[in-house]
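1. From the sequence below, what's the structure:
(2 chains, ligands or ions: 2)
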Amino acid sequence: MMRRPLVFGLCLFWALVTLFPLYWTLVTSLKPPTAVNGGPTYLPFIDFVPTLQAYRDAFSGIRGDFIAPFVNSSLISITATALAVLFGTMAAYALVRFEFRVRLLSGLIFAAVAIGGFVLFNEALGYSRAEAMGLAFAVSLPACLLANRLPLPGPVLGNNDVLFWFVSQRMFPPIVTAFALFLLYSEIGREGFKLLDSFLGMVLCYTAFSIPIVVWLMRDFLAALPVEIEEAALVDDVPRIRIFFEIVLPMARPGLIATSLITLAFIWNEFLFALLLTTSEWQTLPILLSGQNSYRGDEWWAISVAALFGIAPMMVVAMLLAKLMRSGLTLGGIR
Amino acid sequence: MADVRLQGVSKAFDEVTVIPALDLEIADTEFVVLVGPSGCGKTTTLRMIAGLEAASGGTITIGARDVTELRPGLRNCAMVFQNYALYPHMTVADNIGYGMKVRRMPKAEIEARIAEAARILGLEPYLQRRPKQLSGGQRQRVAIGRAIVRQPDVFLFDEPLSNLDAKLRIEMRTEIKSLHRRLNSTMVYVTHDQVEAMTMADRVVVMNEGRIEQAADPITLYERPANTFVAAFIGAPSMNFVPAQVTAKGEGLALRLEDGSELAIPPERWERYGLYKDRAVTFGIRPEHNAGGDTGAAVIRMTARTIEPLGPHTLIIGEAAGRGYTAQVDSHFPAAPDEMVPISLDMSKMHIFDPETGSCI
Ligand SMILES: Nc1ncnc2c1ncn2[C@@H]1O[C@H](COP(=O)(O)OP(=O)(O)O)[C@@H](O)[C@H]1O
Ligand SMILES: [Mg+2]
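-> Ligands and ions are numbered 1, 2, ... in the order given. Got it, this is the predicted structure:
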């Protein structure tokens, strides 16, 4: 009897703790400068007279361009999410339904030939770095595929190892990848193919960076699907690719939606890659937000408006996710 | 329409051999039921015919084609699964028509076949529903409809009725049987239920631990089981097995049980059992070949433990000659638990088995 009010009270307290910053941002965005500078004020109409001036300023562009980064962020995150979910789900499906056997040695051969080939083409044969990279890759991939077919000694890796390899890509510090990617992009840029500060460059790196999470999440969703449904289609001579698109994907819809929303949030909020790989044209919202404070001084009403721009889409995503969780993310209805 | 031949087909999962070399010939238009206890390899055998599981050895032929290396889609089989395996996001009509759509059949032809299948299976009112909105029996009908429109060489059923309730199961049994008559095609049907096997099959293949124990028509299986496994598996309640010895009695033979009782062997069996004189055997007799009372030629006394009145007759379950024993008697035969009851045996229906190999003598 005593426990319920206590638990309720604690939940309420925690809700206030989490909601207050949102409230604070919202009211601050409505304040005139006087209401900010003269000490804290909390309640619109009582403490201060609300104004939409900060929003007007934002849209008129006198405080920097808000619209372009918002559009950039939207375009990049939606495209990269779509690609990552598509390819990641394909990879997850392959890991669930087929057995892979990868010889560790053939992986090492790939690394050795790729690095050695790069050095050879670049230093000895005088190709440019980007050309050498392409050539080394073109040689090392067939070499490794061929090596995998030979009865080489050493451990043979299975599906779980492949999965771990995917996930491990998210384990080392992103800054390492980000710098490497910066160098790679500028090198390719030197060949005349622009990836730095470009839509394609950002979409590519976010897609690659998100695929591990998609594989990780989708594998469990796909593993829970009854295999007999696909077998029925196989017996009926439905090609595997159509089974994937016309049977598996529709069945995995709840999982696809959840995974897409999570991935979208990741990309929308991503800061480090955007910081290093964009300069002006394709800057994303997080970069703009971080810049607000520094070059305009403490104009909190303006910063609040900018922050709300960043938060609002993710709040919609969070609410959709919550709704999905309540209605049972799992396979209700499939049987 | 085609026959199916399995020659030396074996299956191993990793190092575990589940099916040692297995030979089976299924004639064109035959209805064959694979039956056996859970885990004996029925599903694996069926899946190897379908191509969903690669055979580890041997060859599989359907009609004139060696299909051993062929992918499932090219074998022209249709399979019905235990849990229906319908496409959950498609309507009944789309479920039935999907395969044909993928194979780019003309639209009119697809619709005609869907309509025909729906008519045969009584699915016409449900064509626009999703599987979720159907009962188990209706779902299984959709799965069968999906198989029919394929017009396959061979139908494969894997325990299609085991998720249905008892009454529906009996209905669907007759329905599948009449479907077989109507389509006149080869069907391979897997079940663990011996009643289902007996009632539906032209020929029953009894499997145990990956091997075929006996393949025969239902009556032969019942009357002349090849070994104790088949004898025990086919028929309910199960056959009684009592250790016994074949002894000389006058100019003929008799069986001596461990409690000392002697049962005369009918003269027509003397020659067959002559070789086993003075040897230990397993005597088998089905519960239904017993009668209450001591008026028959061969009588044993059993201790009743449980009396099960079933209506048309009553089962007495207890012990005889130190072994578990079940007798089927007249409903009005007086018997009470923990009493000794005399039971007359119809020795013309007796079986004896080699106690070592279990084979029928
Ligand atoms: N994919 C598999 N991997 C390993 N063992 C399996 C696999 N499928 C079936 N088995 C084994 O093979 C045996 C036969 O299985 P199954 O054909 O499903 O039996 P049944 O259908 O007669 O019940 C069982 O012992 C089962 O554990
Ligand atoms: Mg089975």
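
2. All the strands of the stretch 1-150 of chain B, residue numbers only.
-> With DSSP state E, counting those that start in this stretch, the ranges of strands along the stretch 1-150 of chain B come out as B:4-13, B:16-26, B:31-35, B:57-62, B:65-66, B:77-80.

3. so which of those is the most packed in?
-> For the strands of the stretch 1-150 of chain B, the largest average neighbour count (mean count of other C-beta atoms under 10 Å in any protein chain shown) is found in strand B:77-80, namely a mean of 28. Bear in mind the C-beta positions are built from the backbone N, C-alpha and C, glycine included.

4. Using CSV, write out every CA atom in that one.
-> Listed next in CSV are the C-alpha coordinates belonging to strand B:77-80 (Å, rounded to 0.1, in the frame of the first residue of the first chain):
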residue,chain,number,x,y,z
CYS,B,77,7.2,-30.6,-55.5
ALA,B,78,4.6,-28.8,-53.3
MET,B,79,5.0,-28.9,-49.6
VAL,B,80,2.5,-28.3,-46.8
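
5. ok, back up a step: for chain A, find the nearest of the strands of the stretch 1-150 of chain B.
-> Closest approach to chain A among those (C-beta to the nearest C-beta): strand B:77-80, 4.7 Å.

6. any idea how the chain splits into domains?
-> In the absence of a named chain, this looks at chain A. Domain assignment for chain A, taken from automatic domain parsing, gives A:19-51, A:52-100+A:158-335, A:102-157.

7. please go with chain B instead
-> What the record gives for chain B is the domain set B:4-233, B:240-353, from automatic domain parsing.

8. The helix or strand where residue A:70 lies: what's the following helix or strand?
-> Element membership of residue A:70, judged by DSSP states H and E, is helix A:67-97. As assigned by DSSP H and E, the chain's next helix or strand after helix A:67-97 is strand A:102-103.

9. And the strands in the stretch 151-300 of chain A?
-> A:156-157.

10. from it, which residue is nearest to chain B?
-> residue A:237 (2.9 Å).

11. got a list of what that residue touches?
-> Counting by C-beta atoms under 8 Å, 6 or more residues apart in numbering or on different chains, residue A:237 makes contact with B:72-74, B:99, B:102-103.

12. Dump these into JSON lines; add distance to residue B:259, neighbour count and pLDDT as well.
-> Conversion of those to JSON lines gives the following (distance: C-beta to C-beta, whole Å; neighbours: other C-beta atoms under 10 Å in any protein chain shown; pLDDT from 0 to 100):
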{"residue": "B:72", "distance to residue B:259": "57", "neighbour count": "23", "pLDDT": "94"}
{"residue": "B:73", "distance to residue B:259": "62", "neighbour count": "19", "pLDDT": "92"}
{"residue": "B:74", "distance to residue B:259": "62", "neighbour count": "12", "pLDDT": "93"}
{"residue": "B:99", "distance to residue B:259": "63", "neighbour count": "22", "pLDDT": "94"}
{"residue": "B:102", "distance to residue B:259": "68", "neighbour count": "17", "pLDDT": "95"}
{"residue": "B:103", "distance to residue B:259": "68", "neighbour count": "13", "pLDDT": "93"}
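
13. Which member of those residues is positioned nearest residue B:233?
-> Using C-beta to C-beta, residue B:72 comes nearest to residue B:233 of the contacts of residue A:237, at 30.5 Å.

14. Determine the number of other residues adjacent to residue A:83.
-> Other residues near residue A:83 come to 18 when the count uses other C-beta atoms under 10 Å in any protein chain shown.

15. what does residue A:17 give?
-> Neighbourhood size, residue A:17 [other C-beta under 10 Å]: 9.

16. Can you say which helix or strand has it in it?
-> Using DSSP H and E, residue A:17 sits in helix A:3-29.

17. quick check: mean pLDDT across that helix?
-> For helix A:3-29, mean pLDDT rounds to 90.

18. What parts of chain B come near ligand 1?
-> Counting by C-beta under 6 Å from any ligand atom, the residues of chain B close to ligand 1 are B:13, B:18, B:36, B:38-44.

19. Show me which of those are buried.
-> Using 16 or more other C-beta atoms under 10 Å in any protein chain shown as the burial test, these include B:18, B:36, B:40-44 as buried.

20. near chain A too, which of these?
-> With the criterion set as C-beta under 8 Å from any C-beta of the partner chain, no member of those is near chain A.
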